[in-house]
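> structure of the sequence below:
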Amino acid sequence: MKNLFSNVLIAREKIERFFMRSSLEKVIKNYNENFSNKRDNDFAQGLI
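Prediction:
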């Protein structure tokens, strides 16, 4: 029973890490897209 419980905890940790990583990747992707769009807009307006 103890072994099963530790396996459940390990699986839960892996799932939590997966979701944390995927949400962090989304944040980074959105930031990169927003920065790229801002740079393109600034360039088009002659600010760069």
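> could you say which helix or strand holds Leu47?
Using DSSP states H and E, Leu47 falls within no helix or strand.
> could you give the number of residues near it?
By other CB atoms under 10 Å, 9 other residues sit near Leu47. No exception for glycine: its C-beta is placed from N, CA and C like everyone else's.
> and for Ile10?
For Ile10, using other CB under 10 Å, the count is 10.
> tell me the SS of it?
Secondary structure assignment for Ile10 (DSSP: H, G, I helix; E, B strand; the rest coil): helix.
> one more: the one 10 residues further on?
The local conformation at Met20, judged by three-state DSSP, is helix.
> make 39 the first number, not 1, from now on.
Understood, numbering begins at 39; the last thing we discussed is Met58.
> let me see the contact set for it.
Met58 is in contact with no residue at all, counting by CB atoms under 8 Å, 6 or more residues apart in numbering.
> separation between it and Val65?
Noted for Met58: a distance of 11 Å to Val65, by CB to CB, to the nearest Å.
> low-confidence ranges in this structure?
Applying pLDDT under 70 to the chain picks out residues 86.
> all helices of it, in order?
Here the chain has its helices, by DSSP state H, at 40-82.
> count the neighbours of Arg77 for me.
So Arg77, with other CB under 10 Å, has 12 neighbours.
> how close does Asn70 get to Arg55?
According to CB to CB, Asn70 and Arg55 sit 22 Å apart.
> ok, now Asn79?
Between Asn79 and Arg55 the computed distance is 36 Å (CB to CB).
> repeat that for Met39.
25 Å.
> neighbour count: those two, which is higher?
Neighbour totals were compared for Met39 and Arg55, and Arg55 leads with 10 against 5 (other CB under 10 Å).
> need the contact list for the more buried one.
Counted by CB under 8 Å, 6+ apart, Arg55 has zero contacts.
> I'd like the distance between it and Lys67.
For Arg55, the distance to Lys67 - CB to CB - is 18 Å.
> kindly report the same for Lys40.
According to CB to CB, Lys40 and Lys67 sit 41 Å apart.
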